[in-house]
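Participant: no letters, just coordinates:
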Ligand SMILES: *Cc1c(COP(=O)(O)O)cnc(C)c1O
């Protein structure tokens, strides 16, 4: 057996074997527990204390995938995965990822790999049409899209642009700036604001459906202005992480306009649903948004990482992030005719992420993606209706997308016990959560291989354990 790491004949053979291995893994998931039983340190205890001094055969590495890696996993692609939000993958995405690794290009400038840049701009322009967001967000318009590693990066980027815009307008210091979001907003807003140096983050209380309370938002802004602070950034969540609550986009946009704030929309999870026109009313009013993020890596069949970030106007983004050392000066850039994505996010180097998105769009077609989203939503709404019809349960939030949030009517202890019992059964994994100080159970439907009969089995288990 060869041990030359650059032997392409071996690569062909090993590569085929790895694809077989992945297919076997995915096919066999259902016979495994959704999370392997692992204690801290179990995985490291199986690894040698030093890196190998000499080349090792690929077959040994493959054997260790089975013996060390797989028994140390939570199986996110398991059909019984109902925890957090889905982290979908698909055969096309896996192959697109492999093709991208195979090409191994860096697309930080248009000229460092023109296809990487133009494919990304083009596929994100396609998605403007497919999800019905404003046409001006296309790279052929004033705005444009870029793929980031995560929604947290997208939101952080938006916070930095907002800070620079507010600085130019008012010469305020970041310490005097305020970022607003609801108390149900994702933690990435608070983290991004901290990293960007904001002095203040206001997490505004929510209404009975867990959407931001507009009256409280308005008065917080007024109070902050009266106190000499500068409102700089406001975030609307379309689909909060807790319960998929939807903030009123149009109203928040009006408040943002009135006070010259940057208006960012975080649709990290629910943005994928917008490929179906019937969900778009949830984000009515997007014309006033300055930036928007959604993760193809949650609910659009594309494995992590693949977060879409759109801006309505690309100039403030580029002004904020463009830095030009001599070694990055470039003839194509100087003509102004090309996009250099290094100026659209924090990192310089960037991989060819658009390739897997392109593979996915071609493999499913818009129709296939719409079917997939609609199936998840139907499954979720059926489960929610069943729970609502059983006096043992209370559905605590609307189910606009694929997340069902419920509790046991016997109270907090019964809810916590039920969550624990579901998870210790081993076939399913749900997330125990908490809102307003009381526990509830999140069932997130839409994992890669989840079908109706898996949801039925979960429903029967809930009924048995309650
Ligand atoms: C998942 C999620 C995020 C964070 O996404 P990452 O890509 O992991 O950073 C942000 N906002 C919302 C609403 C989310 O659901």
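Facilitator: Structure received. Since the model is a prediction, treat every value here as computed from it, not as a measurement. Numbering: from 1, shown residues only.
Participant: the longest helix along the chain: which residues count as buried?
Facilitator: Determined from DSSP state H, the single longest helix within the chain is helix 354-388. By neighbour count, with 16 or more other CB atoms under 10 Å as the criterion, the buried positions of helix 354-388 are 354-361, 363-364, 369-370, 372-373, 375-377, 379-384, 386-387. For glycine as for every other residue, the C-beta is placed from the backbone atoms N, C-alpha and C.
Participant: what does stretch 457-466 give?
Facilitator: With burial defined by 16+ other CB under 10 Å, the residues of stretch 457-466 counted as buried are 458, 459, 461, 462, 466.
Participant: the third one against residue 427, yeah?
Facilitator: To tie it back to what came earlier, the one meant is residue 461. Yes: checked against CB atoms under 8 Å, the pair residue 461 and residue 427 is within contact range at 7.4 Å.
Participant: what mean pLDDT does the longest helix of the chain get?
Facilitator: The pLDDT scores in helix 354-388 average 98.
Participant: that one: what's the following helix or strand?
Facilitator: Following helix 354-388 in sequence order, the next helix or strand is strand 393-395 (DSSP states H and E).
Participant: and that next one, which strands flank it?
Facilitator: Neighbouring strands of strand 393-395 in its sheet, by DSSP bridges, are strand 403-408 (antiparallel).
Participant: ok, back up a step: so which of the buried residues of stretch 457-466 sit within helices?
Facilitator: In helices, judged by DSSP H, the following of the buried residues of stretch 457-466 are found: 458, 459, 461, 462.
Participant: and the third one, how far is that from residue 66?
Facilitator: It refers to residue 461. With distances defined as CB to CB, to the nearest Å, the gap from residue 461 to residue 66 amounts to 29 Å.
Participant: now for whichever residue of the stretch 1-150 of the chain sits closest to the ligand: which residues touch it?
Facilitator: Closest residue of the stretch 1-150 of the chain to the ligand, CB to the nearest ligand atom: residue 150 (3.1 Å). Under the criterion of CB atoms under 8 Å, 6 or more residues apart in numbering, the neighbours of residue 150 are 188, 295, 297, 304, 305, 307.
Participant: so what touches whichever strand or helix holds the third one?
Facilitator: When secondary structure is defined by DSSP H and E, residue 297 falls within helix 296-299. Taking contacts as CB under 8 Å, 6+ apart, the residues outside helix 296-299 that touch it are 85-88, 150, 268-270, 272-273, 302-308, 357, 360, 373, 376, 402, 446.
Participant: and those residues, which of them are buried?
Facilitator: Applying a neighbour-count criterion of 16+ other CB under 10 Å, the buried members of those are 85-88, 150, 268-270, 272-273, 302-308, 357, 360, 373, 376, 402, 446.
Participant: start and end of stretch 201-215, how far apart?
Facilitator: Its start and end residues considered, stretch 201-215 measures 17 Å (CA to CA, to the nearest Å).
Participant: return the set of buried residues in that stretch.
Facilitator: Buried-residue list, stretch 201-215, by 16+ other CB under 10 Å: 201, 202, 203, 204, 206, 210, 211, 212, 213, 214.
Participant: count of neighbours near residue 107?
Facilitator: By the measure other CB atoms under 10 Å, the count of residues near residue 107 is 26.
Participant: does it count as helix, strand or coil?
Facilitator: coil (DSSP: H, G, I helix; E, B strand; the rest coil).
Participant: residue contacts, it?
Facilitator: 113, 116, 117, 120, 341, 350, 351, 352.
Participant: quick check: buried residues in stretch 175-185?
Facilitator: For stretch 175-185, burial by neighbour count (16+ other CB under 10 Å) applies to 176, 177, 178, 179, 180, 181, 182, 183, 184, 185.
Participant: repeat for stretch 28-37
Facilitator: For stretch 28-37, burial by neighbour count (16+ other CB under 10 Å) applies to 29, 32, 34, 35.
Participant: is the last one bridged to anything, and to what?
Facilitator: So the one you mean is residue 35. On DSSP bridges, the residues paired with residue 35 through beta bridges are residue 74.
Participant: check contacts around it.
Facilitator: Going by CB under 8 Å, 6+ apart, the list of residues near residue 35 reads 73, 74, 75, 426, 429.
Participant: element containing the residue of the stretch 251-400 of the chain found nearest the ligand, please.
Facilitator: Nearest residue of the stretch 251-400 of the chain to the ligand (CB to the nearest ligand atom) works out as residue 268 at 3.4 Å. Counting by DSSP H and E, no helix or strand carries residue 268.
Participant: OK, contacts around the closest residue to it other than its chain neighbours?
Facilitator: Here the nearest residue to residue 268 in space, its sequence neighbours aside, is residue 151; by CB to CB, 6 or more residues apart in numbering that works out to 3.7 Å. Listed by CB under 8 Å, 6+ apart, the contact set of residue 151 reads 186, 188, 266, 268, 293, 294, 295, 307.
Participant: can you pick out the most distant pair from those?
Facilitator: Of all pairs drawn from those, the greatest distance, 13.2 Å, lies between 188 and 294 (CB to CB).
Participant: look at those two and report which has more neighbours.
Facilitator: Shown here are residue 188 and residue 294; by other CB under 10 Å, residue 294 has more neighbours (29 against 23).
Participant: go through the worst-scoring helix or strand of the chain on mean pLDDT and flag the buried ones.
Facilitator: Within the chain, no helix or strand scores below helix 331-335, which has a mean of 80 by mean pLDDT, DSSP states H and E. The neighbour-count check on helix 331-335 (16+ other CB under 10 Å) flags residue 333 as buried.
Participant: what sits against the residue nearest to the spatial centre of the chain?
Facilitator: Within the chain, the residue whose C-alpha comes closest to the C-alpha centroid is residue 295; the distance, by CA atoms, centre = their mean, is 3.5 Å. The neighbourhood of residue 295, defined by CB under 8 Å, 6+ apart, consists of 150, 151, 268, 269, 271, 272, 306, 307, 308.
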